[in-house]
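> mind looking at a prediction? Sequence and model below.
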Amino acid sequence: MRRSYFPFSRVSIGVRLVVTSVLSSIIILVGAAFVLSEIYRRAAERAFDERLYVYIQSMAANIASKNTANAFDPYGLGDPRFTLPLSGWYWQIRIEGTAPQNVFSSLSLFGGRLPRLEDLHVAAHDGSRREGYIIGPDERRLRLVERALELPDGARYLVQIAGNADEIEQTIQNFKNALWTAFALLACVLGVITIFQVRFGLYPLTRLSAQISSIRRGLSDHVEGEFPDDIAPVAGEINLLIDSNISF
């Protein structure tokens, strides 16, 4: 008999089915986890951006009503994080077109400055809005949103709000932990179900093998019982083979 050098040539059909099914499930689940994580990341960033834009709308309304950034009350946002030095939460207002350019900022910036996202080559959308990540004055990663504002008298402002990006990452990490835990449990359940399906599906072959063994040992002279349609012809051919051997 010619020897096969294929390493899995003697691996049982049941093991092959279980292994391929489990590996396929793991690949699908891992791919789904990465896709869902990326979708959730974008959703978390949008939700965080909307929080920051609420502050921008408040600042824009204040500027429009008073028509000057000088009149902006640094305590008007009602969030103490904008007053704590290097808290990771900052606002900044630039008066465009002035020389030198006038810049007003939150107390939390502690004399630092927020960069323009336009200078970082971040594309604008909705005409005047930009969002992106920057490194803050305390070397902390920040999520920055900005909006260009032009008043009827031609005065132009750039209103910026930055928040600590650790909040986004923590939210995403919590989601990933829950997602991977759920998918790990799902993989275990799928593995158990796959083993049951394979054993149930291959049971007729196991029964046929047992009956052939009984015939070989002289405990039976024919394959007996009913088999599924795809195995019944094999059982029939075995019985015909036995009958033809007996006739000789």
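Arrived safely, thanks for sending.

> mind listing what's buried along the helix or strand of the chain with the lowest mean pLDDT?
Least confident helix or strand of the chain, by mean pLDDT, DSSP states H and E, is helix 232-247 with a mean of 77. Using 16 or more other C-beta atoms under 10 Å as the test for burial, helix 232-247 gives 235, 238. No exception for glycine: its C-beta is placed from N, CA and C like everyone else's.

> output that helix in PDB with nothing but the alpha carbons.
The C-alpha atoms that make up helix 232-247 are tabulated as PDB, following Å, rounded to 0.1, in the frame of the first residue of the first chain:
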ATOM      1  CA  ALA A 232     -28.300   3.100   2.600                       C
ATOM      2  CA  PRO A 233     -26.900   2.300  -0.800                       C
ATOM      3  CA  VAL A 234     -23.500   1.500   0.800                       C
ATOM      4  CA  ALA A 235     -25.200  -0.800   3.200                       C
ATOM      5  CA  GLY A 236     -27.100  -2.500   0.400                       C
ATOM      6  CA  GLU A 237     -23.900  -3.000  -1.700                       C
ATOM      7  CA  ILE A 238     -22.200  -4.600   1.300                       C
ATOM      8  CA  ASN A 239     -25.100  -7.000   1.700                       C
ATOM      9  CA  LEU A 240     -25.000  -7.800  -2.000                       C
ATOM     10  CA  LEU A 241     -21.300  -8.400  -1.800                       C
ATOM     11  CA  ILE A 242     -21.800 -10.800   1.100                       C
ATOM     12  CA  ASP A 243     -24.500 -12.700  -0.800                       C
ATOM     13  CA  SER A 244     -22.400 -13.000  -3.900                       C
ATOM     14  CA  ASN A 245     -19.500 -14.400  -1.800                       C
ATOM     15  CA  ILE A 246     -21.800 -16.900  -0.100                       C
ATOM     16  CA  SER A 247     -23.100 -18.100  -3.500                       C
END
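
> give me the distance from that helix to the chain's centre.
Relative to the centre of its chain, helix 232-247 is centred 57 Å away, using C-alpha atoms, centre = their mean, to the nearest Å.

> got the contact list for that helix?
Taking contacts as C-beta atoms under 8 Å, 6 or more residues apart in numbering, the residues outside helix 232-247 that touch it are 208, 211-212, 215, 221-223, 226-227.

> same deal with stretch 44-56?
Stretch 44-56 has contacts (C-beta under 8 Å, 6+ apart) with 77, 79, 91, 129, 131, 143, 145-147, 159-163, 167-168, 171-172, 175.

> kindly export that stretch (C-alpha atoms) in PDB.
These are the backbone C-alpha positions of stretch 44-56, laid out as PDB (Å, rounded to 0.1, in the frame of the first residue of the first chain):
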ATOM      1  CA  ALA A  44     -17.900  57.100  20.300                       C
ATOM      2  CA  GLU A  45     -15.900  59.800  18.500                       C
ATOM      3  CA  ARG A  46     -19.100  61.300  17.000                       C
ATOM      4  CA  ALA A  47     -20.800  61.300  20.400                       C
ATOM      5  CA  PHE A  48     -17.800  62.900  22.000                       C
ATOM      6  CA  ASP A  49     -17.600  65.500  19.300                       C
ATOM      7  CA  GLU A  50     -21.200  66.400  19.700                       C
ATOM      8  CA  ARG A  51     -20.500  67.000  23.400                       C
ATOM      9  CA  LEU A  52     -17.700  69.400  22.500                       C
ATOM     10  CA  TYR A  53     -19.900  71.100  19.800                       C
ATOM     11  CA  VAL A  54     -22.500  71.900  22.500                       C
ATOM     12  CA  TYR A  55     -19.800  74.000  24.200                       C
ATOM     13  CA  ILE A  56     -18.900  75.600  20.900                       C
END
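
> where does this protein dip in pLDDT?
Scanning the chain for pLDDT under 70 picks out 1-9, 66-76, 98-101, 246-248.
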